[in-house]
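In: sequence plus predicted model, see below.
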Amino acid sequence: MRFPLHITLDMVRHQVRQAWRRNKRYPFVVMIEPLYTCNLACLGCSTERHTGKLDDRLPLERCLQAVDVSEAPVVSICGGEPTLYPELKELVEGIIARRRHIYLCTNALVLEDNVFGKVAPHRRLTINVHLDGMRETHDEVCARTGVFDKAVRMMKEAKRLGYHVITNTTVFKETKVEELEKLARFVTELGVDGMLVSPGYQYESVDREMFLVREEIREKFKHVLGMSKRFRLQSTPMFLEFAAGLRNYDCSPWSTVTFTPKGWKGPCYLIGKEYYDEWESFWTGVDWDYWESRKDRLCQNCAMHSGFEASVVTGLRKSPKDMARMAAWNFFG
């Protein structure tokens, strides 16, 4: 299976529960950014994510409250660099106790010091290591040499210790599709459990000509779509067809909600128009109809999985053919 059975079943239960409540919109994933502190200053990352002070981190209790109130079955712990969060062990244990599934998004540089031997492997925990290419490319994006080699060593050790490990790759303007193929073969040979590939999106605070416009996304993702037939990519085939320009979906910005040291980020993980202290003011205060429509100029070149994979899932009920295809992709792909 592309996704472990327990994750798949919990996601299905969550959707059935929300349908029973007649909820049109509901979170699939809650992204917790417990801190903005980072040990890298990557070229494609927003400034706030590598300039934060450790003292400004979210308290553990606030993180767990966000998990509770969102009711999302999947929790993505990101940042900053979340493995620098002093209360990470307690945060992971608290989320697992709530029977949620965790993706720990990391550059892997301090896994050996801060995770291995402290945060135990668990079927509800996935370590998600960011790799933006092979050695030269990844180190250039991270603005530091040696990052790729350290990440590879840590992934090997994580697999040896029994962790579930996937990689996450952002496709930029200069990304070569040949290198994506090479990277996919490389991580497959490492024995990782999956690979997420997503088009880069320009954060408002990143002033660099490295991000893709819509036509460039479509060109590169036609090739990624072909790769998905040979490698264990985590993106659904329908999302990849959307990114390749072969389908169209409205956005589902409410499907991936983000809690940060500034509060709930609206309207979405990528666009911080406003921050809300409390869940209710966030959930009722964002104009979801407007942001779903993708009319805003900030949405024109966005094809991020965080906004559109939920659109794929909620659209399955309209197409038995797509539903059968999704089941085959997950169980037999």
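Out: Nice, I can see it.

In: mind listing the strands for the chain?
Out: For the chain, applying DSSP state E gives strands covering 29-32, 74-77, 101-106, 125-130, 164-171, 195-199, 256-260, 263-267, 272-276.

In: nearest to residue 325, of the ones you listed?
Out: Ranking the strands of the chain by their distance to residue 325 (criterion: C-beta to C-beta) puts strand 195-199 first, at 19.2 Å. Using the backbone N, CA and C atoms, a C-beta is placed for each residue, glycine as well.

In: summarise which helices and strands the closest one is packed against.
Out: In terms of contacts (3 or more C-beta pairs under 8 Å, 6 or more residues apart in numbering; DSSP states H and E), strand 195-199 is packed against strand 164-171, helix 177-190, helix 214-227.

In: which of the ones you listed has the lowest mean pLDDT?
Out: Per-stretch mean pLDDT for these is lowest at helix 214-227 (a mean of 90).

In: what's the angle between that one and helix 177-190?
Out: Helix 214-227 runs at 40 degrees relative to helix 177-190, counting by axes from the mean of the first three to the mean of the last three C-alpha atoms, to 10 degrees.

In: list the contacts for residue 223?
Out: 177, 180 (C-beta atoms under 8 Å, 6 or more residues apart in numbering).

In: where does it sit relative to residue 311, distance-wise?
Out: 22 Å (C-beta to C-beta, to the nearest Å).

In: and for residue 150?
Out: If you measure residue 150 against residue 311 using C-beta to C-beta, the figure is 36 Å.

In: same question, residue 7
Out: 19 Å.

In: returning to that earlier point: pick the most buried one from the helices and strands packed on strand 195-199.
Out: strand 164-171 (a mean of 22; mean count of other C-beta atoms under 10 Å).

In: please name the strands paired to that strand in the sheet, noting orientation.
Out: Paired neighbours of strand 164-171 in the sheet (DSSP bridges): strand 125-130 (parallel), strand 195-199 (parallel).

In: just want the angle from it to strand 101-106.
Out: Using the same axes, to 10 degrees: strand 164-171 against strand 101-106 is 60 degrees.

In: and strand 164-171, how far from the chain's centre?
Out: Distance of strand 164-171 from the chain centroid (C-alpha atoms, centre = their mean, to the nearest Å) equals 9 Å.

In: now do the contacts for residue 54.
Out: Going by C-beta under 8 Å, 6+ apart, residue 54 touches 35, 37, 84, 86.

In: ok, which stretches of the stretch 1-150 of the chain are helices?
Out: Under the criterion DSSP state H, counting those that start in this stretch, helices of the stretch 1-150 of the chain are mapped to 5-20, 60-70, 88-97, 111-114, 135-142, 147-161.

In: how far does stretch 127-136 sit from its chain's centre?
Out: With C-alpha atoms, centre = their mean, you get 14 Å for stretch 127-136.

In: give the buried residues for that stretch.
Out: For stretch 127-136, burial by neighbour count (16 or more other C-beta atoms under 10 Å) applies to 127-133, 135.

In: need those in CSV with distance to residue 258 and pLDDT, can you?
Out: Output for the buried residues of stretch 127-136, formatted as CSV (distance: C-beta to C-beta, whole Å; pLDDT from 0 to 100):
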residue, distance to residue 258, pLDDT
127, 20, 98
128, 16, 98
129, 20, 98
130, 17, 96
131, 22, 96
132, 21, 93
133, 26, 94
135, 31, 96
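
In: quick one, what contacts residue 195?
Out: With contacts defined as C-beta under 8 Å, 6+ apart, the neighbours of residue 195 are 166-169, 183-184, 187-188, 231-234.

In: same thing but 6 Å
Out: Going by C-beta atoms under 6 Å, 6 or more residues apart in numbering, residue 195 touches 167, 187, 233.

In: closest one of the residues you listed to residue 288?
Out: Scanning the contacts of residue 195 for proximity to residue 288, where the rule is C-beta to C-beta, the winner is residue 233, at 28.8 Å.

In: show me what the spatially closest residue to that closest one that is not a sequence neighbour is bridged to.
Out: What sits nearest to residue 233 in space, not counting adjacent residues and going by C-beta to C-beta, 6 or more residues apart in numbering, is residue 195, at 5.5 Å. Partner residues in beta bridges with residue 195, using DSSP bridges, are residue 167, residue 233.

In: now the one 4 residues further on
Out: Per DSSP bridges, the residues bridged to residue 199 are residue 171.

In: burial of it, as a residue count?
Out: 24 (other C-beta atoms under 10 Å).

In: compute the distance between it and residue 164, please.
Out: 25 Å.
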